[in-house]
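**Q** okay, sequence plus prediction incoming.
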Amino acid sequence: MAKESFDKEIQFLRMLVLTSGAYNRQQFSERLGISIHTFDKTIRRLKEIVSSTYQHLPQEERKEFAETIRFSYYESTDPMLLFLFRAKSLKESESQRITLLLAAMNEQALTAMELLDICCTSQSSDLSLPDEKTIRSDLKYLEEVGVISRQAGARPYRYRIQNDLIHGLSNEELYDLYDFVDVMANTQVPSVQGYLLRDGLKKHITRQQAEKQAIEPFLYKYHYYSRILDEAHLFTILSAIRSRRKVRFLYFSPKSEKSYASKNTNPLFERDTNGKVEKTLPLKVVYDHQYGRWYLLSNSREGVRKYRLEGITQIEEDESVDEDVFENRINELHAKIQYSWLIDTGQPVTVRARFYNPEGSAPNFVRERVMLQGQWGQIVQEDEHSFIYEILINGTTEIKPWLRSFGSSCEILEPVQLRREMIAEWKEIQAYYESV
């Protein structure tokens with residue numbers, strides 16, 4: 001993943017897409033919490049990323065910024081915001097240096113000092129020359145993300161490109177692998193690494209002069225613009241969970257008027273923000289497939305806390321905790337969310353609903369959907385016209401949209417309060433369709 005964070009670009013692109021260009025520069029800057037100068041600079045930065053992403057294409061096939069960031073939802077067939085991850089958010093010096101390192105290790109296994117010599121003799125004269133510490137840091141990063149591998153043997157260690165799988169496959173096997181990765185990246189979560197792997201496979205196949213149609217057999221409609229952006233923090237959080245480390249970040253709640261604040265290193269220019277500095281122990285990440293949202297469940301002094309990943313910025317790992325403490329926190333969390341439809345930790349309540357079978361339809365798609373999506377709920381009573389579904393669940397807020405999505409095929413029986421809420425909501429909906 002990226003060596004540097006790009007919180008500002010993430011929040012910038014999310015707002016740009018979700019508002020469909022409805023904000024002017026002033027409104028956009030105020031909502032994002034940046035100056036108009038920073039707004040213009042960010043636009044220029046994104047244009048540079050787009051041009052560098054498509055620089056290998058002929059001039060007539062290159063995508064302009066306006067074409068990449070489409071304002072029409074119905075015109076998008078690819079997760080347009082992925083180009084941030086493709087660009088890796090590397091500085092120019094890092095981009096050139098890592099390119100030289102990979103090119104050198106593609107031919108043979110080399111040591112850090114040999115790679116340092118290559119960089120010093122091949123890097124552009126207008127860029128500062130790297131030192132040994134910088135080269136070793138780059139090698140560590142490339143090894144962590146699986147691009148290179150360290151060969152067995154005594155010091156000094158030698159590193160080489162890790163591409164044995166690609167070169168060991170035939171053309172037909174490469175096509176099958178590309179199709180599989182393409183399907184999984186577009187249908188499963190998380191998907192960022194899948195898209196990057198797909199791009200790498202596509203470039204390799206293209207270099208083998210494969211026919212274009214042979215590597216683009218499918219076309220997908222991408223539904224959640226912001227989902228792939230939230231995955232920027234996902235792997236940092238998962239790493240912290242595996243190593244039992246706390247994380248520190250600046251958080252903007254969904255109700256906050258702003259969604260970003262710059263990280264000021266000079267205390268003289270430090271300013272108040274709408275965000276709140278949080279320090280917490282991450283325990284679990286939950287994905288809401290219905291709305292395309294990621295949630296972080298964690299433990300702090302106040303007990304179980306819930307955060308939307310889209311509001312997390314400036315995330316950093318902090319100190320670790322003992323294994324016994326971590327296990328106790330995990331067990332406490334599982335006890336609280338045992339009956340959660342998603343992440344609700346309210347008081348358990350039994351929900352009973354009557355579902356009506358579709359008339360004149362042989363396959364009972366209503367029952368099939370309830371059995372597929374109803375989680376641990378059970379059908380406790382059934383006849384030829386309907387069946388009663390029952391589930392013990394924490395609160396009714398999260399299950400309500402699912403029940404409402406069945407329309408007239410679902411009738412809430414218990415609890416009475418939920419039944420009254422649903423009646424009121426349906427009356428409000430009915431009022432929208434009264435004659436004018």
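**A** Perfect, I can see it now.

**Q** the longest strand along the chain pairs with which strands?
**A** Longest strand in the chain, counting residues (DSSP state E): strand 276-288. Using DSSP bridges, the strands paired with strand 276-288 are strand 245-251 (antiparallel), strand 293-300 (antiparallel).

**Q** please identify the most buried of these.
**A** Mean neighbour count (mean count of other C-beta atoms under 10 Å) peaks for strand 293-300 among these, with a mean of 21. For glycine as for every other residue, the C-beta is placed from the backbone atoms N, C-alpha and C.

**Q** how about residues contacting that one?
**A** Outside strand 293-300, the residues that touch it by C-beta atoms under 8 Å, 6 or more residues apart in numbering are 227, 230-231, 234, 237, 247, 278-288, 304-310, 312, 329, 332-333, 337, 342-343.

**Q** what does stretch 372-388 contact?
**A** For stretch 372-388, the external contacting residues (C-beta under 8 Å, 6+ apart) are 341, 351-357, 367, 370-371, 389-391, 393, 402, 413.

**Q** can you list the buried residues in that stretch?
**A** 374, 377, 386-388 (16 or more other C-beta atoms under 10 Å).

**Q** poorly predicted segments of the stretch 51-200 of the chain, please.
**A** Scanning the stretch 51-200 of the chain for pLDDT under 70 picks out 51-81, 83-92, 125-127.

**Q** need the contact list for residue 340.
**A** Shown in contact with residue 340 (C-beta under 8 Å, 6+ apart): 393-394, 398.

**Q** what does residue 136 give?
**A** Residues near residue 136 by C-beta under 8 Å, 6+ apart: residue 112.

**Q** that one: what secondary structure?
**A** At residue 136 the chain is in helix, as set by DSSP: H, G, I helix; E, B strand; the rest coil.

**Q** thinking again about what came up before, so of the contacts of residue 340, which ones are in strands?
**A** Using DSSP E, those in strands are 393-394.

**Q** buried residues in stretch 129-146?
**A** Going by neighbour count (16+ other C-beta under 10 Å), the buried part of stretch 129-146 is 130, 134-136, 138-139, 142.

**Q** before we move on, back to that, which among the contacts of stretch 372-388 end up buried?
**A** Those of the contacts of stretch 372-388 that meet the buried threshold are 341, 351-353, 355, 357, 367, 370, 389-391, 393, 402, by 16+ other C-beta under 10 Å.

**Q** please enumerate the helices of the stretch 151-300 of the chain.
**A** Counting by DSSP state H, counting those that start in this stretch, the segments of the stretch 151-300 of the chain that form helices are 164-167, 171-187, 192-207, 227-242.

**Q** now these in JSON lines, with distance to residue 41?
**A** Formatted as JSON lines, those follow (distance: least, C-beta to C-beta, whole Å):
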{"stretch": "helix 164-167", "distance to residue 41": "38"}
{"stretch": "helix 171-187", "distance to residue 41": "32"}
{"stretch": "helix 192-207", "distance to residue 41": "25"}
{"stretch": "helix 227-242", "distance to residue 41": "20"}
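
**Q** determine which stretch of those is the most buried.
**A** Among the helices of the stretch 151-300 of the chain, helix 227-242 has the highest mean neighbour count (mean count of other C-beta under 10 Å), at a mean of 20.

**Q** give me the pLDDT value at residue 261.
**A** We have a pLDDT of 62 for residue 261.

**Q** before we move on, what about the one 3 residues further on?
**A** Reported pLDDT at residue 264 in the predicted model: 52.

**Q** kindly report the same for residue 368.
**A** For residue 368, the pLDDT comes out at 92.

**Q** look at it and give its secondary structure.
**A** helix.

**Q** equivalent analysis for residue 314, please.
**A** Under three-state DSSP, the three-state class of residue 314 is strand.

**Q** go on, the one 5 residues further on?
**A** Here residue 319 is recorded as strand under three-state DSSP.

**Q** quick one: the residue lying closest to it once chain neighbours are set aside from residue 287, how far?
**A** Leaving aside its chain neighbours, residue 319 sits nearest to residue 246 (5.9 Å; criterion: C-beta to C-beta, 6 or more residues apart in numbering). As judged by C-beta to C-beta, to the nearest Å, residue 246 and residue 287 stand 22 Å apart.

**Q** that older thread, looking at the strands paired with strand 276-288, which is closest to residue 96?
**A** Ranking those by proximity to residue 96 (C-beta to C-beta) places strand 245-251 first, at 31.0 Å.

**Q** now the closest one, how far from the centre of its chain.
**A** A distance of 17 Å separates the centroid of the chain from that of strand 245-251, by C-alpha atoms, centre = their mean, to the nearest Å.

**Q** so who does the residue at minimal distance from the centre of the chain touch?
**A** In the chain, the C-alpha nearest the mean C-alpha coordinate belongs to residue 231, at 2.2 Å (C-alpha atoms, centre = their mean). Contacts for residue 231 (C-beta under 8 Å, 6+ apart) come out as 189-192, 294.

**Q** try it again at 10 Å.
**A** Contacts for residue 231 (C-beta atoms under 10 Å, 6 or more residues apart in numbering) come out as 1, 85, 189-193, 195, 287, 294, 309.

**Q** do residue 346 as well
**A** For residue 346, the contacting residues are 336, 339-340, 393-398, by C-beta under 10 Å, 6+ apart.
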